[in-house]
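Asker: Fold the following.
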Amino acid sequence: MFFFENFLLFLQQNFLRMISTEILQTIDKYKSLAIAEQIDYQKFYLYSIITHSTAIEGSTVTELENQLLFDDGITANGRPLQEQMMNVDLKNAYQEAQRLAVAHADYSTKMLCRLSALVMRNTGGTYNTEEFCQWLNGERKKISSGDVIAAYCLSFSAHYRLVNIHLWADGNGRMSRLVMNMLQWEFGLIPVKVHKTQKSEYIQALNDTRDNENEEIFSQVMLDLHNRNLKAEISEFEKSMQFEINFFSK
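Answerer: The predicted structure follows:
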């Protein structure tokens, strides 16, 4: 049993090193293509994060419908009002989270309840938040400038720990993903987006992490998801660029 457990640990550590190397290469390519410098990219990337985060919780509102809702106040026909308001609330919370991330604000019970109030219009409880905030503030100070993998792993640990505390009656998943993205903005990272099609893989990673009491499992899965999603964006961007080249060369 001892040998088997050590062998599994060896495999996990090697996979983490492998995916860490790969995600850094993908990020370098992503940045070299200047994808994030396209017009309104930051806004639409945020809208996409919000859409997929609420979709994991059951929302059927699409990215295009959210764009019309957020920018023009146009509601989508046939979509429940509750789902549309869930997206509006989460957008307001993310905008506040971005402001706090840029300011490098320390985490506190008050901050989390304020963000929770924006996410769900319900401040929820404060059970165990003080200990969580103390841990997170201490860990933030340990991250070396430019250590991309360490910063990502901290954001994943914060997500996992916060969702397991389960502070509120509703919205724990949205709040945990919001805090994860907030930390990523603070460290200048490309925010991780969990696609609605990846929900089962994402939930399984949370369960496996809890069952094995090993946060590296969640970090590995999240880095892998992020790597795949960025590669997909790179592929779509290169296809669109090639289409433009072919179109204007005619």
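Asker: Which helix or strand lies directly C-terminal to the least confident helix or strand in the chain by mean pLDDT?
Answerer: Least confident helix or strand of the chain, by mean pLDDT, DSSP states H and E, is helix 2-32 with a mean of 77. Moving toward the C-terminus from helix 2-32, the next helix or strand (DSSP states H and E) is helix 41-56.
Asker: Give the buried residues for that next one.
Answerer: Tyr45, Leu46, Tyr47, Ser48, Ile49, Ile50, Thr51, His52, Ser53, Thr54, Ala55, Ile56 (16 or more other Cβ atoms under 10 Å). In this view, the C-beta of every residue, glycine as well, is placed from N, C-alpha and C.
Asker: and what of stretch 218-238?
Answerer: By neighbour count on 16+ other Cβ under 10 Å, the buried set for stretch 218-238 is 218-227, 229-230, 233-234.
Asker: Can you tell me which of those lies closest to Gly138?
Answerer: Ser219 (18.5 Å; Cβ to Cβ).
Asker: so is that closest one in a helix, a strand, or just coil?
Answerer: In three-state terms, and counting by DSSP: H, G, I helix; E, B strand; the rest coil, Ser219 is helix.
Asker: In contact with it: list those residues for me.
Answerer: Counting by Cβ atoms under 8 Å, 6 or more residues apart in numbering, Ser219 touches Leu16, Tyr152, Cys153, Phe156, Ser157.
Asker: for Ile234, same thing?
Answerer: Thr26, Lys29, Tyr30, Leu33, Ile35 are the contacts of Ile234 under Cβ under 8 Å, 6+ apart.
Asker: and if we set it to 6 Å?
Answerer: Applying Cβ atoms under 6 Å, 6 or more residues apart in numbering to Ile234 gives the contacts Tyr30.
Asker: Point to the residue nearest the middle of this structure.
Answerer: Val192 (3.8 Å; Cα atoms, centre = their mean).
Asker: Got phi/psi on that residue?
Answerer: Dihedral pair for Val192: phi -80, psi 130, per degrees, to the nearest 10.
Asker: does the spatially closest residue to it that is not a sequence neighbour sit in a helix or strand, and which one?
Answerer: Nearest residue to Val192 in three dimensions, chain neighbours excluded: His226, at 4.7 Å (Cβ to Cβ, 6 or more residues apart in numbering). Assessed by DSSP H and E, His226 sits inside helix 215-248.
Asker: That helix - what's its average pLDDT?
Answerer: Across helix 215-248, pLDDT averages out at 90.
Asker: Also stretch 67-87?
Answerer: Here stretch 67-87 scores 93 as its mean pLDDT.
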